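Sequence first, then the predicted structure, then my questions.
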Amino acid sequence: MDMSKDLVAASATPLVLAILADGDSYGYAIIKRVAELSGGHLQWTDGMLYPVLHRLERQGHVAAKWSASENGRRRKYYRITREGRAQLAAQRQQWQVVDGTLRGIWMKACAV
Amino acid sequence: MTIFADQPLEEQIAQWRAYVCRRPAFNRPDVEELEGHLRDQLVALTQAGLAGDEAFLVAVKRMGSLDALSREFARVHSERLWKQLVIAPDADESAKPSYSETLVVLGLAVAAALAIKMPALFGLRLSPDEELPPFYARNASLFVFPLLTIYLMWKRGAEVASGLWLALPFAVGAVFANVFPFRTGSDTQVLTALHLPIALWLAVGFAYVRGRWFADGGRMDFVRFSGELVIYYVLIALGGGIVTGFTMMMFKAIDMNAAWFVAGWLIPCGAMGAVIIGSWLVEAKQSVIENMAPVLTRLFTPLFTVLLLVFLATMAWTGNPINVKREVLIGFDLLLVLVVGLVLYAASARDPQAPPDFFDGLQLLLVVSALVVDGVALAAIAARISEFGFTPNRVAALGENLILLANLAWSAWLYARFLRHRGSFVDLERWQIAYLPVYAVWAALVVVMFPPVFGYR
């Protein structure tokens, strides 16, 4: 299934925040996790995750730290901040509204 | 670090990294982060059974278009596209560590600032209450150009032996600036003060190009350097003016007069140090931002062309002759200097291989109209020069006018050939470049010959 670009872009922020809420992570692992969770339906262009992460970092929703990884390479790990959690909660409500509305419409469509 | 045993793969990664590094939107940590991603991806792909080069293709493809990525990065970090106006310490790894460069530059700038204060130890005081001793005007360039030369030679890693050769012109300059018994308020003394920097700038140029004087591009790079330095210097001077204004204003508020400090220290020391600092900025920036001089050239070439044409048309329409006052020749000299500068900097920024375009036609029009204006002025002056007599100022101005006129006349010819596809733009560039020493040689002549010839008046 091809997702529309706008939808992918809009969902990127809550997805990244939600994954980081489960624990600190880094770019490559986040992308793998998204692919896993979506059953491979949500495919990002890998590079595009990084501007999203940097924007979130700049907005204070995530914090980043360079530390050594298991392969000895320096790696940039991201952690969700308190503001990030608040942002995630707000986004979650918004998505639930969208989801609920769409469900309502489609249930009715089924009933007809 | 995951180093791949596969040597070609490591090379491909290095190439990719170099390619990404060239884009201004990414800084070093970003590149490292992206490279880490690429390597993680490569590990996963090779473990899944792909060969090295296949894995590389897939990983790079998944990374996405670098254009789009760098656009996104630029959007997030828009300041990066601006930040380069500040010196980035990692601008060039191959260059000497910028920390030591900062120290050298600051040291030389302080040395230049102190150098201008040395004569004060011998009773030549810089003070707002006394007239400026002419010693300073004659020797101004000698306080800072040798230090600038040292910086450039250090930067280019030149040997000390060649430095000793370059000390020679400065020594000769110092002798001729100071041995002549100038009378007070003499014209030849002013001429020395004006011409010595021009002559010595050639020596700075030798240090700048370091052995590339006759090689392609060396002198043109020096022309670019000079133009940018002037612009940076003016900017620094503007800032300095603001500092001066605040110094005076604030100390006046507590009933103290800071004039002695401003005139004796702030302005002279700042003016000297700024030459070194400005050169350093130009050196650090040369590859990073668009050069300003060509931009200004593009802006002002049409304006000056229009000005000259309107002037000629007005003169033809009204029949008003040029009113030959004493200093009119100098005014027209400055006009020619400006036009030569416009031609030179237009050439410095132009791709010599590109075919003629509208702007080249405009340049030719500018040069031709400047030639006509100057020709009219010269004719008016020549008719009356014997009447005024041959003062040193007038001979110097006339000589400069002829030198610039010769340059522009041949430039016009070369431009015309180029526009008619009979010659290449390279000819014009070569001509401008080859002509550079002429200015310095003439300036040196004025410094060395004029005072004795005109009896130091």
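All right, it came through fine. Numbering: from 1, shown residues only, chains lettered A, B, ... in the order given.

how about B:L108, what does it touch?
B:147-148, B:150-151, B:276 (C-beta atoms under 8 Å, 6 or more residues apart in numbering or on different chains). Every residue, glycine included, has its C-beta placed from N, CA and C.

Return the residues of chain A in contact with chain B.
For chain A, the residues in contact with chain B (C-beta under 8 Å from any C-beta of the partner chain) are A:26-28, A:45-48, A:50-51, A:54-55, A:58, A:66, A:69, A:71-76.

Looking at the contacts of B:L108, which is nearest chain A?
Proximity of the contacts of B:L108 to chain A (C-beta to the nearest C-beta) peaks at B:Y151, which lies at 35.9 Å.

circling back: which members of the residues of chain A next to chain B occur in helices, if any?
Secondary structure assignment by DSSP state H places A:27-28, A:50-51, A:54-55, A:58 of the residues of chain A next to chain B in helices.

May I see the ChimeraX selection of the buried members of these?
A single ChimeraX command selects the buried members of these (16 or more other C-beta atoms under 10 Å in any protein chain shown):
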select /A:27,28,50,51,54,55
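
can you dump the C-alpha coordinates of stretch A:52-60 into CSV?
Taking C-alpha atoms only, stretch A:52-60 is exported to CSV below (Å, rounded to 0.1, in the frame of the first residue of the first chain):
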residue,chain,number,x,y,z
VAL,A,52,12.2,15.3,11.8
LEU,A,53,14.4,14.3,14.8
HIS,A,54,16.3,17.5,14.5
ARG,A,55,13.2,19.6,14.4
LEU,A,56,11.8,17.8,17.5
GLU,A,57,15.2,18.4,19.2
ARG,A,58,15.0,22.0,18.4
GLN,A,59,11.5,22.3,19.7
GLY,A,60,12.6,20.6,22.9
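
how about low-confidence regions in chain B?
B:1-3, B:5, B:79-98, B:215-216, B:286-290, B:326, B:388 (pLDDT under 70).

Residues of it that sit close to chain A?
Counting by C-beta under 8 Å from any C-beta, chain B sits next to chain A at B:1-2, B:29-30, B:32-34, B:36-37, B:39-41, B:43, B:62-66, B:68-69, B:72-73, B:75-77.

filter those residues to the buried ones?
Using 16+ other C-beta under 10 Å as the burial test, the residues of chain B next to chain A include B:30, B:32-34, B:36-37, B:39-41, B:43, B:62-64, B:66, B:69, B:72-73, B:76-77 as buried.

thinking again about what came up before, among the contacts of B:L108, who's most crowded?
B:L148 (26 neighbours; other C-beta atoms under 10 Å in any protein chain shown).

close enough to count as contact, it and B:V275?
Yes - look at B:L148 against B:V275 with C-beta atoms under 8 Å: they come within range, at 6.0 Å.

hang on, the earlier thing: narrow the contacts of B:L108 to those in strands?
Within these, no residue falls in strands by DSSP state E.

ok and the residue in chain A nearest chain B?
Using C-beta to the nearest C-beta, the single residue of chain A nearest to chain B is A:T45, 3.3 Å away.

Can you tell me how far that residue is from B:L202?
55 Å (C-beta to C-beta, to the nearest Å).

Now do stretch B:430-443: distance to the chain's middle.
16 Å (C-alpha atoms, centre = their mean, to the nearest Å).

Give me the three-state assignment for B:N257.
When classified by DSSP: H, G, I helix; E, B strand; the rest coil, B:N257 comes out as coil.

which residues touch it?
Neighbour list for B:N257: B:F251 [criterion: C-beta under 8 Å, 6+ apart].

Can you pull the phi and psi angles for it?
Note on B:N257: backbone dihedrals following degrees, to the nearest 10 are phi -100, psi 120.

you'd agree A:P51 is up against B:A74?
No - A:P51 is not in contact with B:A74 according to C-beta under 8 Å; the separation is 9.1 Å.

State which one residue of the stretch 1-150 of chain B is found closest to chain A.
For the stretch 1-150 of chain B, C-beta to the nearest C-beta, closest residue to chain A: B:G64, 3.3 Å.

so what's the residue nearest to that residue when sequence neighbours are not counted up against?
Of all residues beyond its chain neighbours, the one nearest B:G64 is A:T45 (3.3 Å), with distances taken as C-beta to C-beta, 6 or more residues apart in numbering or on different chains. Residues in contact with A:T45 (C-beta under 8 Å, 6+ apart) are B:62-65, B:68-69.

isn't B:G36 right next to A:R73, touching?
Yes - applying C-beta under 8 Å, one finds B:G36 in contact with A:R73, separated by 5.9 Å.

dump the residue contacts of B:A409.
B:A409 sits in contact with B:L371, where contact means C-beta under 8 Å, 6+ apart.

Tell me which helix or strand comes right after the helix or strand harbouring it.
Under the criterion of DSSP states H and E, B:A409 resides in helix B:392-419. Per DSSP H and E, the first helix or strand lying C-terminal to helix B:392-419 is helix B:425-453.

That next one packs against which elements?
Helices and strands touching helix B:425-453, by 3 or more C-beta pairs under 8 Å, 6 or more residues apart in numbering or on different chains; DSSP states H and E, are helix B:160-178, helix B:187-209, helix B:218-253, helix B:328-348, helix B:392-419.

tell me the SS of B:A263?
Here B:A263 is recorded as helix under three-state DSSP.

need the contact list for the closest residue in space to it that isn't next to it in sequence.
Once flanking residues are discounted, B:A263 sits nearest to B:P128: 4.1 Å by C-beta to C-beta, 6+ apart. Listed by C-beta under 8 Å, 6+ apart, the contact set of B:P128 reads B:259-260, B:262-264.

Tell me where chain A has strands.
So, for chain A - with DSSP E - the strands run A:25-26, A:62-68, A:74-80.

In three-state terms, how would the closest residue to B:V426 other than its chain neighbours be classified?
In space, and not counting its chain neighbours, B:V426 is closest to B:P352: 4.8 Å by C-beta to C-beta, 6+ apart. At B:P352 the chain is in coil, as set by three-state DSSP.

Hmm, B:A274 and B:A237 touching each other?
Yes - the pair formed by B:A237 and B:A274 meets the contact definition of C-beta under 8 Å, at 6.8 Å.

So for those two, which residue has more residues nearby?
B:A274 (24 against 16).

what about the residue nearest to the more buried one when sequence neighbours are not counted, distance to chain A?
Spatial nearest neighbour of B:A274, excluding adjacent residues (C-beta to C-beta, 6+ apart): B:I236 at 4.4 Å. B:I236 sits 33 Å away from chain A, taking C-beta to the nearest C-beta, to the nearest Å as the criterion.

can you pull the contacts of residue 35?
All of this refers to chain A. A:42-43.

Not quite, go with chain B.
Contacts of B:E35 by C-beta under 8 Å, 6+ apart are B:13, B:16-17, B:20.

Could you say which helix or strand holds it?
Per DSSP H and E, B:E35 falls inside helix B:28-47.

Can you name the residues in contact with the next helix or strand after that helix?
The first helix or strand that comes after helix B:28-47 along the chain, using DSSP H and E, is helix B:52-63. Here helix B:52-63 makes contact (C-beta under 8 Å, 6+ apart) with A:45-47, B:4, B:6, B:8-9, B:12-13, B:16, B:34, B:37-38, B:41-42, B:45-46, B:50, B:69.

at 6 Å what do you get?
By C-beta atoms under 6 Å, 6 or more residues apart in numbering or on different chains, the surrounding residues in contact with helix B:52-63 are A:46-47, B:6, B:9, B:12, B:38, B:41-42, B:45-46.

And stretch B:302-319, by the same measure?
Residues from elsewhere that reach stretch B:302-319, judged by C-beta under 6 Å, 6+ apart: B:362, B:365-366, B:369-370, B:373.
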